[in-house]
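**Q** Return a 3D structure for these sequence lines:
(one chain, ligands or ions: 1)
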Amino acid sequence: MTDLTIRAREPSDAAAIAALMNLPGVRHGTLRVPFVTKSFVETWATGPTNTFLLAVRHDTIIGVTVLMQGRDRTAHTGSILLFVHDAHINTGVGTALLTEVLTLADTVHGLRRVSLTVNADNHGAIHLYRKFGFETEGILRGDVLRDGVFIDSITMARLRF
Ligand SMILES: CC(C)(COP(=O)(O)OP(=O)(O)OC[C@H]1O[C@@H](n2cnc3c(N)ncnc32)[C@H](O)[C@@H]1OP(=O)(O)O)[C@@H](O)C(=O)NCCC(=O)NCCS
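**A** Numbering: from 1, shown residues only. All right, here's what the predicted structure looks like:
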C-alpha cells in the first residue's frame, strides 16, 4: 500500500491518537472508554518495554498498534493492541500494522508468545488475527461491559517455540 507509512510515535501525536481512540468504531471494538484525553494518551502504554507503531496516510494517523513485552520470566512474551480509524477499516491498515509489529516481535525482541484479547463478536479482527497465526486459547465469559451489555471476549495467542 504505497500511501501508507508505518512510523514510531512522537510526543506530539497524543491529540491525534486520542481523537482516534474516541471514534465509535474503535470504542466498540476495543476496551477504550469514552472521552479519552490527550493527557491520558501522553502516559498510556508508554512503558520502557512497549513498542508503539502508527499507521499514517496523507499525514493523518489512521491506525495504532502497541506491543507490550513481558519482564523477567515472561520476557519472551508480549501482548498487542490494535485499532484502525473507522473510515479506513478494511483497507489493509491492520494488516500492515500487524505485519510490522510481529516482525519486530520475532526478529528484534525474539518473542516466542504473542497474545491478545478480542471481543467474541469482532469477526473482522478475529479473521485478521487467524491469518497471522493467532489461535483461540479460551473464552472469557461476560468479560466486557459494552453499551450496557456484558459480552464475551476471546484470548488468542501466536506461538513461536
Ligand atoms: C479489527 C481491525 C484492527 C482490522 O483492521 P483493518 O485495517 O480493518 O484490517 P485489514 O483491512 O488489514 O483486514 C481486514 C480483514 O478482515 C476481513 N473482514 C472484515 N470484516 C469481516 C467480518 N465481519 N468477518 C470476517 N472477516 C471480515 C476483511 O475481509 C479482511 O480480510 P482479508 O484481507 O482476508 O480480505 C479494524 O477493523 C479496527 O480497528 N476495528 C475497530 C477497533 C478494533 O476492533 N480493534 C481490534 C481490537 S482486538
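**Q** in this structure, which ranges drop under the pLDDT threshold?
**A** 1-2 (pLDDT under 70).
**Q** of all the residues in it, which ones are close to the ligand?
**A** Applying Cβ under 6 Å from any ligand atom, we find that the chain lies next to the ligand at 25-26, 29-30, 82-84, 89-95, 116, 118, 122-125, 127-128, 131. C-beta coordinates here come from the backbone N, C-alpha and C atoms, glycine included.
**Q** Quick one, which of those residues are buried?
**A** 26, 29-30, 82-84, 89, 91, 93-95, 116, 118, 122, 125, 128 (16 or more other Cβ atoms under 10 Å).
**Q** The closest residue to residue 147 other than its chain neighbours: neighbour count?
**A** In this structure, residue 147 finds its nearest non-sequential neighbour in residue 28, 7.9 Å apart by Cβ to Cβ, 6 or more residues apart in numbering. Neighbourhood size, residue 28 [other Cβ atoms under 10 Å]: 14.
**Q** Assumed residue 28 was part of a strand.
**A** No. Checked against DSSP: H, G, I helix; E, B strand; the rest coil, residue 28 lies outside a strand; its state is helix.
**Q** Can you verify my assumption that it contacts residue 144?
**A** No. Look at residue 28 against residue 144 with Cβ atoms under 8 Å: they stay out of range, at 10.7 Å.
**Q** Which elements pack onto the top helix by length along the chain?
**A** Scanning the chain for the helix with the most residues, using DSSP state H, yields helix 93-107. Here helix 93-107 touches strand 4-8, strand 50-57, strand 60-69, strand 77-84, helix 123-131, going by 3 or more Cβ pairs under 8 Å, 6 or more residues apart in numbering; DSSP states H and E.
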